[in-house]
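> could you work out the structure for the sequence below:
(one chain, ligands or ions: 1)
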Amino acid sequence: MRVLLVGSGGREHALGWKLARSDRVSELMSLPGNPGLADLGPIVEGVDPNDVGAVAALARVHAVDLVVIGPEAPLAAGLADAVARLGIPVFGPSRAAARLEASKAFAKDVMERAGVPTGRAWVFDEPAAAHAHLDQEAGPYVVKADGLAAGKGVLVTESADAAHAWVDRCFGGDFGASGSRVVVEEFLSGPEVSIFALCTGTEAVPLAPARDYKRLRDGDTGPNTGGMGSYSPVEDLPDGLIDTALEQIIRPTLRQMAEDGNPYTGFLYAGLVLTDSGPKVLEFNVRLGDPETQVLMPRLDSDLVDLIESALAGAPEPPRWSDRAAVEVVLAAEGYPEAPVKGAVITGLETVPDDVLVFHAGTRRDGNRLVTAGGRVLDLVAVGDTIAAARERVYEAAERVHWRGMQYRKDIAAG
Ligand code: GLY
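Next comes the predicted model:
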């Protein structure tokens with residue numbers, strides 16, 4: 001079959017790598033893809049992934065048999081709906097269902113009605129009421145732009161002044177239309193855990209847990225990023241957490257979505273906080289995690305196309321996982337996350353051992369050179385019998401890659 005994969009980051013390269021290993025896939029097309037995905041099949045250039053009509057038309061022209069959508073923005077723009085309207089199988093939630101990530105107020109409303117544990121929330125459509133609410137609260141303050149903001153629309157702060165200023169930034173247009181509504185949330189205290197599930201309608205099966213590292217620097221210091229590394233499996237989760245999350249969070253959410261006429265099909269990512277009173281939802285994402293996908297795909301023994309088709313048929317199969325461990329380290333550009341430097345020449349990749357996977361996240365070909373083209377540039381992934389073995393291997397590989405200003409954390413999966 002011919003598969004069209006939409007997206008261009010490390011998550012999509014890992015998904016593409018796994019799809020290309022399926023006997024079922026004769027051609028993997030990527031849009032807009034990246035230099036790593038270009039090694040796996042044709043890249044479609046010149047079409048914006050958020051131009052849903054153009055992408056759907058392209059899928060039809062190329063007689064695509066399955067469309068897999070990686071990132072949230074095309075989902076929120078209605079790409080799954082546009083492709084489905086043409087009768088082409090597509091994996092990813094509809095525009096209406098993608099509001100679980102694309103509107104924090106929407107997600108809170110669904111959770112409240114479904115009885116899903118989450119922090120309290122207050123929604124504001126104009127600044128004065130938001131400021132008045134903050135004046136009555138003690139910190140820490142959680143202030144969010146309601147819509148998608150590429151992970152940049154959230155502030156968690158002890159400072160009332162900073163919280164008020166964030167409200168003004170949202171309403172002032174710093175996050176475009178995404179900030180025209182503001183959600184102030186109760187601060188949840190406890191360790192964070194991400195849970196992933198393969199979902200369709202009211203059915204869901206869990207994926208293996210993976211942990212990511214959000215802060216830029218070792219010891220969980222420095223600014224928040226999209227994620228600087230990951231590993232799987234995660235052995236230190238509370239007993240029964242996955243079952244609890246499925247029963248108390250994922251399935252009630254799916255039932256509520258279906259009852260509301262917004263049935264959900266796709267991967268669902270629940271960011272949880274393990275509070276003293278049990279797991280509570282911090283946020284939903286309507287996609288897989290990045291960089292968690294980069295360690296899940298190498299551990300996935302099932303054929304990804306079979307899994308996706310089982311979900312599309314209404315009965316998602318439980319995935320089979322390897323017993324081995326995977327550790328991933330993000331190699332990031334100088335200046336990431338505030339102002340990543342682009343165009344630095346990447347060297348040493350040819351010396352990375354063959355058993356270490358290299359997923360491209362923010363690279364570009366410049367003649368016969370590979371250069372940095374984003375904040376998170378490359379993901380290195382090693383698989384080993386233990387986390388420690390995989391960790392050692394991936395860090396040996398990281399030392400072989402160079403560009404000016406390259407930065408990475410040295411404590412991924414260090415325990
Ligand atoms: N790893 C965090 C995310 O994908 O949002």
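
> burial of the closest residue to the ligand within the stretch 1-150 of the chain, as a residue count?
Residue nearest to the ligand within the stretch 1-150 of the chain: residue 11 (7.4 Å; CB to the nearest ligand atom). Every C-beta, even on glycine, is put in place using the N, C-alpha and C of the backbone. Other residues lying near residue 11 total 26 when counted by other CB atoms under 10 Å.

> wait, isn't it in contact with residue 295?
No: if you go by CB atoms under 8 Å, residue 11 and residue 295 don't touch, sitting 11.0 Å apart.

> mind listing the helices for the stretch 301-415 of the chain?
Taking DSSP state H, counting those that start in this stretch as the test, the helices found in the stretch 301-415 of the chain are 304-312, 387-398.

> just checking: what are the partner strands of the longest strand that the chain contains?
The longest strand of the chain (DSSP state E) is strand 265-275. According to DSSP bridges, strand 265-275 forms sheet pairs with strand 192-200 (antiparallel), strand 278-285 (antiparallel).

> got the buried residues for that strand?
Residues of strand 265-275 classed as buried by neighbour count (16 or more other CB atoms under 10 Å): 265-270, 272-274.

> anything in it near the ligand?
No: residues of strand 265-275 are not located near the ligand by CB under 6 Å from any ligand atom, the shortest gap being 6.8 Å.

> would you mind getting the angle between that strand and helix 304-312?
Using axes from the mean of the first three to the mean of the last three CA atoms, to 10 degrees, the inter-axis angle of strand 265-275 relative to helix 304-312 is 90 degrees.

> ok, the buried residues of strand 265-275 vs the ligand, which is closest?
Checking the buried residues of strand 265-275 against the ligand with CB to the nearest ligand atom, the nearest one is residue 269 at 6.8 Å.

> residue contacts, that closest one?
If a contact means CB atoms under 8 Å, 6 or more residues apart in numbering, then residue 269 has 194-196, 284-289 as its contacts.

> one step back: include mean neighbour count when you put the strands paired with strand 265-275 into a markdown table, please.
A markdown table is the format used below for the strands paired with strand 265-275 (neighbours: other CB atoms under 10 Å):
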| stretch | mean neighbour count |
| --- | --- |
| strand 192-200 | 22 |
| strand 278-285 | 20 |
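
> okay if I get these as CSV plus distance to residue 218 and mean pLDDT?
As requested, these are exported to CSV (distance: least, CB to CB, whole Å; pLDDT from 0 to 100):
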stretch, distance to residue 218, mean pLDDT
strand 192-200, 18, 94
strand 278-285, 24, 95
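
> using a markdown table, lay out the ones you listed together with distance to residue 42.
Formatted as a markdown table, the strands paired with strand 265-275 follow (distance: least, CB to CB, whole Å):
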| stretch | distance to residue 42 |
| --- | --- |
| strand 192-200 | 27 |
| strand 278-285 | 28 |
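
> wait, residue 334 sits on residue 405?
Yes: the pair residue 334 and residue 405 qualifies as a contact (CB under 8 Å) at a distance of 2.3 Å.

> who has more neighbours out of those two?
residue 334 (17 against 13).

> and that one, what does it touch?
For residue 334, the contact set (CB under 8 Å, 6+ apart) comprises 340-341, 344, 404-407.

> distance of residue 151 relative to residue 324?
Separation of residue 151 from residue 324 (CB to CB, to the nearest Å): 30 Å.

> who has more neighbours, the two?
The neighbour count for residue 151 versus residue 324, taken as other CB under 10 Å, is higher for residue 324 (17 against 13).

> now that one, nearest residue through space, not along the chain?
Nearest residue to residue 324 in three dimensions, chain neighbours excluded: residue 383, at 5.2 Å (CB to CB, 6 or more residues apart in numbering).

> then residue 373?
residue 364 (3.7 Å).

> same check on residue 67?
That would be residue 90: by CB to CB, 6+ apart, it lies 4.3 Å from residue 67.

> please verify my assumption that that neighbour contacts residue 65.
No: Residue 90 is beyond contact range of residue 65, at 10.6 Å (criterion: CB under 8 Å).

> more neighbours: which of those two?
Each of residue 90 and residue 65 has its neighbours counted (other CB under 10 Å); residue 90 has more, 28 against 17.
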